[in-house]
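>>> Need the 3D shape of this:
(chains A, B, C and D)
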2 protein chains.
Amino acid sequence: MSQRGRSIGRTPRRTPALIFAALGDETRLILVARLSRGKPHSISALTRGSKLTRQAITKHLRVLERAKIVRSVRTGRESLFEFDPQPIEEMKTYLNLVSRQWDNTLSRLKSFVES
Amino acid sequence: MSQRGRSIGRTPRRTPALIFAALGDETRLILVARLSRGKPHSISALTRGSKLTRQAITKHLRVLERAKIVRSVRTGRESLFEFDPQPIEEMKTYLNLVSRQWDNTLSRLKSFVES
DNA sequence: AAAAAGGGCAACCTTTTTGTTGCACATTAC
DNA sequence: GTAATGTGCAACAAAAAGGTTGCCCTTTTT
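Numbering: from 1, shown residues only, chains lettered A, B, ... in the order given. This next block holds a predicted model:
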């Protein structure tokens, strides 16, 4: 993902592109899948079952966190990550918009052919 | 987008990660938006209205093409790109799966609390 | 026949991404 | 109290992404 072309200044606003980019990685999709099953997991827990190092997983989690797909809470010595469904819902809406545009085209085309 | 972690060998299989990654860029989302309105556009046409060079736009189109979000047909001296809704539909399905997993968790949690 | 328009390819460059390693620090377990 | 555990941070390194420029080739226009 590129970070250029984001909002100019302040908080790196959470755009569709940012969220899609966060989902655009195999490892991160696996993390999302695990976390979306509900139970929060620590970084170490999420690292087990991955071939990557803890640091790599941490970085992936930070990417997901920037996109707000995931949220972390420090509890004692471990920081627990939990899923946040909001951005996913937003992307569903976004994709529906694209679909709808396409469908409109199709129906316009259809009525044109029929006329 | 990372290309590591894709299928080992043959045709770079079209995974959810690949498709999301293709959508994970502002410029490409704009291209998709334009093409999803229906009418195919040439590279030059798509370049007009962008601050980028033709080559840059071409590269973005190739990324979208690899993800099958877009398809090109050479006609005469220009190559026309047109939208293909399939991958978008697939991603909607994918996101619904994630959502559903989350919802299941919520309802399990709910019935647990109520019991 | 030229000129103009649309494109492909390759070489380069810069910035991001992705991943590792080493080390220090706090919290738990024994 | 010591050892384990779980993390954070920083420095690196390698690779991928995003863009540009230059050059050449093929269609269209004039």
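>>> can you give me the helices for chain A?
Ranges of helices in chain A, per DSSP state H, are A:16-23, A:26-36, A:43-47, A:54-66, A:86-114.
>>> and DNA strand D, which of these is closest to it?
helix A:43-47 (3.1 Å; C-beta to the nearest atom of the strand). Any C-beta I mention is one placed from the backbone N, CA and C, and that applies to glycine too.
>>> Model confidence score at the residue lying closest to A:Glu82 once chain neighbours are set aside, please.
Leaving aside its sequence neighbours, A:Glu82 sits nearest to A:Pro40 (C-beta to C-beta, 6 or more residues apart in numbering or on different chains; 4.0 Å). Looking at A:Pro40, its pLDDT reads 97.
>>> ok, how many other residues are close to A:Pro40?
17 (other C-beta atoms under 10 Å in any protein chain shown).
>>> and it, what does it touch?
A:Val73, A:Leu80, A:Phe81, A:Glu82 (C-beta atoms under 8 Å, 6 or more residues apart in numbering or on different chains).
>>> Pull out the buried residues from the lowest-mean-pLDDT helix or strand in chain A.
In chain A, the helix or strand scored least confidently by mean pLDDT, DSSP states H and E is helix A:86-114, which has a mean of 89. The neighbour-count check on helix A:86-114 (16 or more other C-beta atoms under 10 Å in any protein chain shown) flags A:Pro87, A:Ile88, A:Met91, A:Lys92, A:Tyr94, A:Leu95, A:Val98, A:Gln101, A:Trp102, A:Thr105 as buried.
>>> give me every residue that touches A:Ser53.
In this structure residue A:53 is Thr, not Ser. Neighbours of A:Thr53 in contact, by C-beta under 8 Å, 6+ apart: A:Thr47.
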